[in-house]
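# how would this look folded up:
(2 chains)
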Amino acid sequence: MRRDEAPKIRPDTPCGIDLGQPKTWVVELEGSRKVALETGRTRLIVAGLVFALAFLMVGLRLVDLSLLQGDVAPRVAGAASPGGGWHAGRAAILDRNGEVLASNLPTMALYANPRQLRDPIEAADRLAEVMPDAVGDRLRSDLASDRSFVWVKRCLSPRESAAVNRLGIPGLHLQRDECRFHPHGSLLAHVVGFTDIDNRGIAGMEGAFDTWLAGGETPLQLSVDLRVQHLLTEELQAAIDEFSGVGGAAVVMDVQNGELLGLVSLPSFDPRMPGRAPAEHRFNRATLGVYEVGSVLKSFSTAAALDSGAVTLDDGWDTSTPIRVSRFTINDFRGKNRWMNVPEIFQHSSNIGTVHMTLRAGTETLRHYLERFGLLSPAQLELPERGRPMLPNPWREINTMTISYGHGIALTPLQVARAYAALVNGGELVQPTLIKRLPGEQAPRERVISERTSEQMRWLLRLVVTGGSGRNADAEGYGVIGKTGTANKLSPRGGYDLDKRVASFAGAFPMEDPRYLVFLMVDEPKPTASSYGFATAGWVAAPAVGRVVSRLGPLLGVTPRAAGEDQRPDPLLVPARLRGREVATR
Amino acid sequence: MSRLLFLLFVIAAAGVAGLLFQVKYEVQDLERELTQINRQILADQEAVHVLQAEWSYLNQPARIAELSRRHLGLGPMQPEQVAAIAILPPRPEDFGHAQAALAEAEPEPRRRPETPVGWQPRRLQPAPSPLPLEPAAPTRQASAPAMEEEVTGLAVASDVPLNPVTGRPLPVAATLGEGQR
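Prediction:
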């Protein structure tokens, strides 16, 4: 204390004195007390500063949030919303136009806890009123058992689940479940395939893309066009019904990029209950079944002979004498018995002439070309159901002779379609696919025959439709080209069964620049009165293809040509350059 | 002074606390709304998914074909029904009459063209007709020698109304009607 006056020290002040006004005197402490006081003050200042800083930051953040960041609300809302939205447990399958072909639907599954059931018999009876198909003897015994979990039915429709709820039986429980649903039923059963009860794909595209579909949210878009599939099915079914066939297959393919717009195998089945369909119905005739296609194969042997240069369109043979090789005799079906040139041989589908032609080209040439046409190896496709062609082994000269007109080699319709596309599209083999190609996507392609041969073949195929066995396939205005093929089926006793046939037609349109290929096959057609007792391809498959083309044309936007413009080529007036001579023919 | 300040601070603190609570409850409400909306979105997406499947089911080609057959009476399109632009008849432009300029011009309300003063419809020469023309017959008989005179005479001395296009006298039904009345 320096000053004289005694300080007004409040006795209850814990340490030191109030140094407020008036500042007439100062307390100065010394020693350890002073140090303690100084330390306390420093700490207070530091703590105060820290708090001030914290409050300042809170304030600044408040200003930042409320004034500066106006767009924060949507971000917060976005962060709170569920990621990606709702999606089914298994991705959908769409057709090329986006129509749903298979989709997972949220449904209810009904299970029972038999221990909670008071009266299992009554519960079963009342359940049977609501859904008679689900209640059988097995369920009755299950409900009466001592288990604690029994499936009653899965995939309940909303109506059924409401009805079960209304029953109000204790011990029955509904549970959310997902069910695979095929809106188009049997129409695409062989393409889309089906799943088992736990939604695992086991056939068709469901099986082939199972992992993709199971994990994915993006739907799988097929190249199939629902409308094409429908009209193809309708016309094929009509042909089968008319000629009482046992089945059939049909393929529509885009010859430029290999997309399959329709792939039909009849009879079909209901993909909801594949187990109830006979195995024969589940069998995919279009990709798994192998058939002898008969004269359709003459297109390939003729193309091979022409493309190899062994034969020109001017060449001709006498087709009046059957060819005898060891115990076989090769004859013509309603032959012309005269000398014929190559266009005539092809137009009238002469076996004798084709054999002569192929023999000149040689076995190796034929094999080489069939190999390049992809007829000797299984066709690649996404579907797991792919058939292997049946080839002669060993390959003797007699095999060359029979194969040249389509016997002794069994192929899947898909293989024939793929090779035919190569024949007419300018000579390039494209990979068929069931997945929709992206716009501008180029299909892998491989040259098989020259463009010139392909054009010659188109002329020859047009001759078949205008004046040969394929006349019934001539859809007016669309310039159909194609070849019929009728083959006898192998008999179980050996040899051929002359009453059982496979009638097929491979066609394409329009002639100048083919865009779509139609292959149609009817298994075991029987002759009818309207076909004048014939059950050959010209009467069975060709008219069906004609109807298919006349319905496909407007659907796929192929411009028809007026009837007057449709010049029917005279077999003797194949354009000059095709005949190899500079003769003015036009 | 310090008391006033203290009071002010207390009021401010109370106000801020009140505001804070209000904001908190607002945020809570908004969050509840957000959750509800999110749930609604999921339900809607599920419903859309189901409806897509139903749409596809209703679009079964066989069903559409049956409906079309029953209600529309349409048949498959025939090749004759398809026409190309190239086969349409020619337009005036194809003969050098530019209509494009007119088409771009501002359309103005057309007035009815006024008849110029003293304008008379030009009478056309009557086509030589094998049919006897009743009113013209006496004139022809009267002035047989000159064909020109016959025409002028017809044009000038026309009590009978003439068809301006053919030059033939119009049927006299109107006068007949008057006479009858």
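# Only the buried residues of stretch B:66-86, if you could.
Across stretch B:66-86, burial judged by 16 or more other CB atoms under 10 Å in any protein chain shown covers B:P79. Where C-beta positions appear, they are placed from N, C-alpha and C, glycine not excepted.
# Can you tell me what sits against stretch A:358-374?
Defining contact as CB atoms under 8 Å, 6 or more residues apart in numbering or on different chains, one finds that stretch A:358-374 is touched by A:300-301, A:303-305, A:307-308, A:310-311, A:315, A:376-377, A:395, A:397, A:400-401, A:403-404, A:409, A:415, A:418-419, A:422-423, A:429, A:446, A:448-449.
# Give the buried subset of the residues you listed as a ChimeraX selection command.
Selecting only the buried members of the contacts of stretch A:358-374 in ChimeraX, with burial defined as 16+ other CB under 10 Å, works like this:
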select /A:300,301,303,304,305,307,308,310,311,315,376,395,400,401,403,404,409,415,418,419,422,423,429,448,449
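# Among the contacts of stretch A:358-374, which lie within strands?
Among the contacts of stretch A:358-374, the members falling in strands (DSSP state E) are A:L429, A:E446.
# out of the contacts of stretch A:358-374, which touch chain B?
By CB under 8 Å from any CB of the partner chain, no member of these lies near chain B.
# and the contacts of stretch A:358-374, which of them are in helices?
A:300-301, A:303-305, A:307, A:397, A:400-401, A:403-404, A:415, A:418-419, A:422-423 (DSSP state H).
# Skipping adjacent residues, who's closest to A:P219 in space?
Of all residues not flanking A:P219 in the chain, A:A92 sits nearest, at 4.1 Å (CB to CB, 6 or more residues apart in numbering or on different chains).
# dump the residue contacts of the one you found.
A:A92 sits next to A:V100, A:L101, A:A102, A:S103, A:N104, A:P219, A:L220, B:Q52, B:A53 when contact means CB under 8 Å, 6+ apart.
# residues in contact with the third one?
Shown in contact with A:A102 (CB under 8 Å, 6+ apart): A:A92, A:I93, A:R180, A:F181, A:H182, A:V192, A:E206, A:P271.
# for it, helix, strand, or coil?
At A:A102 the chain is in strand, as set by DSSP: H, G, I helix; E, B strand; the rest coil.
# Relative to A:R180, how far out is the residue lying closest to it once chain neighbours are set aside?
Distance criterion CB to CB, 6+ apart; nearest residue to A:A102, sequence neighbours excluded, is A:I93 at 4.2 Å. Going from A:I93 to A:R180 by CB to CB, to the nearest Å gives 10 Å.
# Which residues are in contact with each of the two?
By the contact definition CB under 8 Å, 6+ apart, A:I93 and A:R180 are jointly contacted by A:A102, A:S103, A:E206.
# pretty sure the last one is touching A:W212, no?
Spelled out, that is A:E206. No. Using CB atoms under 8 Å as the test, A:E206 is too far from A:W212 to be in contact (10.4 Å).
# more neighbours, those two?
Using other CB atoms under 10 Å in any protein chain shown as the criterion, A:E206 and A:W212 rank with A:E206 on top: 27 against 13.
# which SSE is the more buried one in?
helix A:204-208 (DSSP states H and E).
# The residue nearest to A:Y496 when sequence neighbours are not counted: neighbour count?
Leaving out its chain neighbours, the residue that sits closest to A:Y496 by CB to CB, 6+ apart is A:N488, at 4.0 Å. Neighbourhood size, A:N488 [other CB under 10 Å]: 16.
# Please verify my assumption that A:N488 contacts A:R501.
Yes. Taking CB under 8 Å as the contact criterion, A:N488 and A:R501 are neighbours in contact, 5.7 Å apart.
# pull the longest helix from the chain.
I went with chain A, as the question did not name one. Under DSSP H, chain A gives helix A:31-63 as its longest helix.
# switch to chain B, that's the one I care about
Taking DSSP H as the criterion, chain B has its longest helix at helix B:2-58.
# wait, does that helix contact chain A?
Yes. Using CB under 8 Å from any CB, helix B:2-58 reaches chain A at B:31, B:34-35, B:38, B:41-43, B:45-46, B:49-50, B:52-57.
# Let me know the closest of the contacts of A:A102 to chain B.
Nearest to chain B out of the contacts of A:A102 is A:F181 (CB to the nearest CB; 5.7 Å).
# check contacts around the residue positioned nearest the centre of chain A.
Centroid-nearest residue in chain A, with CA atoms, centre = their mean: A:L434, separated by 3.8 Å. If a contact means CB under 8 Å, 6+ apart, then A:L434 has A:V191, A:M205, A:L222, A:S223, A:V224, A:L260, A:L263, A:L381, A:E382, A:L383 as its contacts.
# any idea how far it is from A:R200?
Distance, A:L434 to A:R200, by CB to CB: 20 Å.
# go on, A:G31?
88 Å.
# quick one, strands of the stretch 451-586 of chain A?
A:481-490, A:496-509, A:516-523 (DSSP state E, counting those that start in this stretch).
# and chain A, which of its residues are near chain B?
So chain A meets chain B at A:77, A:80-82, A:85-88, A:92, A:99-101, A:103, A:105-106, A:181, A:183-185, A:187, A:226-227, A:229-231, A:234, A:476-478, A:550-551, A:553-554, A:559-563 (CB under 8 Å from any CB).
# filter those residues to the buried ones?
Of the residues of chain A next to chain B, these count as buried by 16+ other CB under 10 Å: A:86-88, A:92, A:99-101, A:103, A:105-106, A:181, A:183-184, A:187, A:226-227, A:229-231, A:234, A:476-478, A:550-551, A:553-554, A:560-561.
# Can you name the residue of chain A nearest chain B?
Counting by CB to the nearest CB, chain A gets nearest to chain B through A:G477 (3.0 Å).
# Show the model's pLDDT score for that residue.
Per-residue pLDDT puts A:G477 at 82.
# I figured it was touching A:G553, is that so?
Yes. If you go by CB under 8 Å, A:G477 and A:G553 touch, sitting 7.3 Å apart.
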